[in-house]
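Chemist: let me see the structure of the following:
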Amino acid sequence: MSGSGKSTLAEYAYKKMSSKGLSVLVLDGDTVRDKYKIKLSFGHDDIKKNNINVANFCKQERYNYDVIIVSMISPIESMRVVLRKLLSPKYYLIYISANIETLKERDVKGLYKMADNGEITGLIGYSERNPYDIPVDFDLIVDTNNQSDLNKSKNMFVQFILQKLTI
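Modeler: I've put the predicted structure just below:
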């Protein structure tokens, strides 16, 4: 969800793995729609379309990079099943977990405050209209609730990816 630490972990992994000589592509949910000219809303159907568009892009680019990290919200469990089938065998779902209280406390973009004030509707995972299905078939969970463990979370994330490269 927004504020969970997806971008922070992806940026750290990019730097760490690039310094080891690996070619890494990071597709961040904040920029992917703009960069790749994907004009979709944040409604249920458009979220599904966006997930498929990004997955297809990853499928096209998978042989050009050692690692592709997609740090975006994929809130619909049935879509995660589709994405795993589309991108297998080298698809790994990493669930970045944080509770609502932590997300609201961080709220770097002010989205939760805007949602509370009625300025935006449909905030993924915060609005009844756009629920977030907690993943049931993840390959790794990184709990980012405790900021004092941020380095531990970063290293766990990178070690998981590096381990998968050697399998």
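Chemist: and the helix or strand where residue 155 lies, what's buried?
Modeler: Per DSSP states H and E, residue 155 falls inside helix 150-166. Neighbour-count burial for helix 150-166, counted by 16 or more other C-beta atoms under 10 Å, picks out 153, 154, 156, 157, 158, 161. Every C-beta, even on glycine, is put in place using the N, C-alpha and C of the backbone.
Chemist: pull the CA atoms of it into CSV?
Modeler: Provided in CSV are the C-alpha atoms of helix 150-166 (Å, rounded to 0.1, in the frame of the first residue of the first chain):
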residue,chain,number,x,y,z
LEU,A,150,14.8,-0.6,8.1
ASN,A,151,18.4,-1.8,7.4
LYS,A,152,17.3,-5.3,8.3
SER,A,153,14.4,-5.0,5.9
LYS,A,154,16.6,-3.7,3.1
ASN,A,155,19.1,-6.4,3.5
MET,A,156,16.5,-9.1,3.7
PHE,A,157,15.0,-7.9,0.4
VAL,A,158,18.3,-7.8,-1.4
GLN,A,159,19.4,-11.2,-0.1
PHE,A,160,16.2,-12.7,-1.2
ILE,A,161,16.7,-11.4,-4.7
LEU,A,162,20.4,-12.4,-4.9
GLN,A,163,19.5,-15.9,-3.7
LYS,A,164,16.9,-16.3,-6.5
LEU,A,165,19.5,-15.3,-9.0
THR,A,166,21.7,-18.2,-8.0
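Chemist: against which helices or strands is that helix packed?
Modeler: helix 6-18, strand 67-71, strand 140-143 (3 or more C-beta pairs under 8 Å, 6 or more residues apart in numbering; DSSP states H and E).
Chemist: change it to 10 Å
Modeler: Helix 150-166 is packed against helix 6-18, strand 67-71, strand 94-97, strand 140-143, with contacts defined by 3 or more C-beta pairs under 10 Å, 6 or more residues apart in numbering; DSSP states H and E.
Chemist: could you dump the buried residues of helix 150-166 to JSON lines with distance to residue 97 and pLDDT?
Modeler: JSON lines is the format used below for the buried residues of helix 150-166 (distance: C-beta to C-beta, whole Å; pLDDT from 0 to 100):
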{"residue": "153", "distance to residue 97": "10", "pLDDT": "93"}
{"residue": "154", "distance to residue 97": "15", "pLDDT": "95"}
{"residue": "156", "distance to residue 97": "12", "pLDDT": "95"}
{"residue": "157", "distance to residue 97": "12", "pLDDT": "96"}
{"residue": "158", "distance to residue 97": "18", "pLDDT": "97"}
{"residue": "161", "distance to residue 97": "18", "pLDDT": "97"}
